[in-house]
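Student: Based on what follows, work out the 3D shape:
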Amino acid sequence: TIILGAGTNVLAPDDGVDALVICTRETLTEIRAVDETHLAAQCGAPLAKVAVMAQQMGLSGLEFAHGIPGTVGGGILMNAGAYGGEMRDVAVSTCVLCADGTVQTLEGEEQEFGYRSSVFQRMDAVILETVFALTPADPAQIRTKMQLLREKRAASQPLEYPSAGSTFKRPQTGFAAALIDQAGLKGFTVGGAQVSEKHAGFVINRGGATARDVLELIRHVQTTVYDRFGVSMEPEVRIIGEF
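Tutor: I've put the predicted structure just below:
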């Protein structure tokens, strides 16, 4: 069984996967106020909608999440982040459904957030809901910050093309996009897949790209960067199924 939110950072085979795939984005989408400074959101709720509700309530802390296209469950699973903010800054507790049918709530450091990681990646469980602790602020100022981040994202990322988001995690040495650029791979293509000329950290679909094209391009980037700089590039994109 494969559990997905919106599947925005997932690469699956062109022929599909031999598994039960459950998407939560159409069902578990409730967002509610817990009290004056806490919001609870179910796993299928879009992060953008949670950020907007927080803004409307005059609560700051989720501005960074407004431009992330995934859901709460996916964001918590990978400790999603952008522009200096990440889930661990605001997620105070997460409720999960365990394989044995019991429901468990992990609080604070029990969530074991790290760079693009969490304890939930190692648990045989499904994220159900997360509670966010936020800070009261002027709704207009929050909206302005969200707008500025949206403009910054649009100016620097290839949002005009389909992609699975940032392709590689930040390596221990250097930055993924810089290393890919320095390796001369910006604009490199395999079939319809291309290392974005706008931001080398993204593999985009220029038209007609297959999942195989994308995977082969990812592997070419990994090999080239390692041969050139001795740096291993780990995909941030979640690769599922058999290729």
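
Student: can you pull the contacts of the most centrally placed residue in the chain?
Tutor: In the chain, the residue lying closest to the centroid (Cα atoms, centre = their mean) is residue 80, at 4.8 Å. Residues in contact with residue 80 (Cβ atoms under 8 Å, 6 or more residues apart in numbering) are 47, 65, 68, 70, 74, 86-87, 116. The way it works is simple: take the backbone N, C-alpha and C, and place the C-beta from them, glycine included.

Student: Recalculate using a threshold of 6 Å.
Tutor: 68, 87 (Cβ atoms under 6 Å, 6 or more residues apart in numbering).

Student: and the nearest residue in space to residue 214 that is not next to it in sequence, how many neighbours?
Tutor: Closest residue to residue 214 apart from its sequence neighbours, by Cβ to Cβ, 6 or more residues apart in numbering: residue 193 at 4.6 Å. For residue 193, the number of neighbouring residues by other Cβ atoms under 10 Å comes to 25.

Student: close enough to count as contact, residue 193 and residue 217?
Tutor: Yes: at 4.6 Å, residue 193 counts as touching residue 217 under the criterion of Cβ atoms under 6 Å.

Student: list residues touching both of those two?
Tutor: residue 203.

Student: quick one on the thing from earlier: state the distance from the residue nearest to the centre of the chain to residue 141.
Tutor: For residue 80, the distance to residue 141 equals 23 Å [Cβ to Cβ, to the nearest Å].

Student: now swap in residue 170 and tell me
Tutor: Separation of residue 170 from residue 141 (Cβ to Cβ): 29 Å.

Student: And for residue 37?
Tutor: 17 Å.

Student: go on, residue 77?
Tutor: Residue 77 sits at a distance of 30 Å from residue 141 (criterion: Cβ to Cβ).
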